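>>> Sharing a model prediction with you, sequence too.
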Amino acid sequence: MQKRIVVIGGGPGGYVAAIRGAQLGAKVTLIERHKIGGTCLNYGCIPTKTLYKNAELLHTLKHIEDFGIKVDHYSIDVDKIQSRKDEVVHTLVSGIEQVVKANGVEIIDGSASFIDAKTLKVVKADGETIEVSGDDIIIATGSTSAVPPFEGVNLPGVVTSKELLEFKSIPEKLVIIGGGVISMEFAGIFAALGSEVSVVIRSDKFLREVDSEITKRFGAMLKKKGIELNKSVENMKIIQTESGLKVTGDNKKGPVEFPADTVLLSTGRVPVYKDLNLDAAGVEVTKKGIAVDHHTFKTNVDNVYAIGDVNGIIMLAHAASHQGIAAVESIMGIEHKGNHDAIPNCIFVFPEIAGVGITEDEANEKGIEIKKSKFMFGANGKALSIGEPDGFIKVISDMNDVVLGVHIMGPHASDLIAEGTLAVANRMTVDQIANTVHAHPTLAESFAEATLGLRGEAIHMA
Ligand code: FAD
């Protein structure tokens, strides 16, 4: 008999699971209460990366004379920036919607909650309430911005990332609270657009998941790019003054304050499951999100799965999609061969940062003996030709020369990390990479060089 799968949430976790389920012969219903594409396509990955392109162009313009080109005047058209962003999002969202439908997936525009483990109540967009049932249910309801528990978070001008994406004018003074990936991406974009940007964080560390040599070098570059990083600020509050907003707090030296016309709250994301009535299905949650098995993404209830941000394992779109495929394959009785350990993490800042696998700090903490090698983009022909020689690729291996981690800061790091991910996911050896011919002149040659360095044989490194 044909399996009936119901997916709640149409983000990169849910819509990919729905398509994969249909490919495997299930009858799939996808319930989405806002827009197909979820956070990623509508309010996350895609709109931020269109704005990143604007910022990248402005960086190029700043240095355009280095290329022998003179630009006497340019100006910023915020309406055009916004309409381009919206057009990219619209193209992608409508394309995905078509692909989902073309695979025979039924889409219901509504909000779902559990009646029991196999039945959902769905309040449709037109107000009608229906029941939808499935043999298996996949929860893919994602996450939302966390709002920190301090004074002033509801003041006008205090926004989340979703709201800031809709900016109508460029903030003169933008204060960003939080030092994670989203914070640093917005800092880079708005600094390039001309805002004075202050990032204020409680901890003395930012971009915690990143190799600490990279954060040190990147941190040292921030000021030159118009970003002020303020660490160890406690007791934060946001105050409305006559001249605008002010974030106040205390650092190790005493009271500090950061004037702003816009304050971005970027202190993390929380899973969305509270309105799902999980108790009716008996699904358990932990502090991080819905509790699941890390290979099938099955919850404690046999026919209920939870994928993507809602399980809190790792809040990235590609992780959500791969978890969706794993869940569906488990439902359809297929052995899932995906690797959910080697998840690349890309940060679209200037220069880009990307990493996969173990960092030096993690290896030290876990007592794993490693070898490491670094190749500087300053010695790479392509990086010099395109005028982006800042940064390096670091490759980490174990003592048997198996590649355990790759960490990059530099041009197109987000694309280059694909080779590192392939290596880490497949436990490739230093020899396998070093013996593979890399085209010239490309940035990818730096990866081969860093790997050759582990054998003490790098060609373009003294
Ligand atoms: P979501 O994309 O959040 O989708 C969940 C969907 O479920 C939503 O559409 C929601 O409307 C729907 N839903 C919720 N409850 C119900 C219900 N009861 N009934 C029906 N529908 C429901 N990740 C990257 O990998 N790369 C990036 O560059 C990147 N940039 C980001 C930038 C920003 C500003 C933000 C906020 C996030 C970014 N992310 C990025 C993270 C990425 O967006 C998420 O990891 C990803 O969207 C998670 O996918 P998901 O399918 O789990 O959930």
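That came in fine, so what should we check first?

>>> Can you check the pLDDT for the most centrally placed residue in the chain?
Against the mean C-alpha coordinate of the chain, by Cα atoms, centre = their mean, the closest residue is Leu316 at 4.7 Å. We have a pLDDT of 98 for Leu316.

>>> Look up how far the ligand lies from it.
Shown here: Leu316 relative to the ligand, a distance of 4 Å by Cβ to the nearest ligand atom, to the nearest Å. For the C-beta atoms, the positions are set from N, CA and C on the backbone; glycine is no exception.

>>> Identify the residues contacting that residue.
Neighbouring residues of Leu316 by Cβ atoms under 8 Å, 6 or more residues apart in numbering: 343, 345.

>>> So what does it have for phi and psi?
Backbone geometry at Leu316, expressed as degrees, to the nearest 10, gives phi -140, psi 150.

>>> need the contact list for Ser198.
173-176, 227-228, 230, 247, 258, 260.

>>> Which secondary structure state does it sit in?
strand (DSSP: H, G, I helix; E, B strand; the rest coil).

>>> Could you do Leu416 as well?
helix.

>>> my read: it touches Leu443, true?
Yes. Leu416 is within contact range of Leu443, at 5.8 Å (criterion: Cβ atoms under 8 Å).

>>> Find the residues that touch each one of the two.
Gly410.

>>> For the stretch 51-200 of the chain, what lies in contact range of the ligand?
Within the stretch 51-200 of the chain, the positions adjacent to the ligand are 111-112, 140-143, 161, 182 by Cβ under 6 Å from any ligand atom.

>>> among those, which are in strands?
111-112, 143 (DSSP state E).

>>> Let me have those residues in JSON lines, extended by distance to Pro351 and pLDDT.
Formatted as JSON lines, those follow (distance: Cβ to Cβ, whole Å; pLDDT from 0 to 100):
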{"residue": "Ser111", "distance to Pro351": "42", "pLDDT": "98"}
{"residue": "Ala112", "distance to Pro351": "42", "pLDDT": "98"}
{"residue": "Ser143", "distance to Pro351": "28", "pLDDT": "98"}
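
>>> Contact partners for the residue lying closest to Val283 once chain neighbours are set aside?
Closest residue to Val283 apart from its sequence neighbours, by Cβ to Cβ, 6 or more residues apart in numbering: Thr299 at 4.9 Å. Counting by Cβ under 8 Å, 6+ apart, Thr299 touches 139, 283-284, 290-292, 305-306.

>>> Where does the stretch 101-250 of the chain get nearest to the ligand, residue-wise?
Of all residues in the stretch 101-250 of the chain, Gly142 sits closest to the ligand, at 2.1 Å by Cβ to the nearest ligand atom.

>>> phi, psi of that residue?
Main-chain dihedrals, Gly142, degrees, to the nearest 10: phi 70, psi -150.
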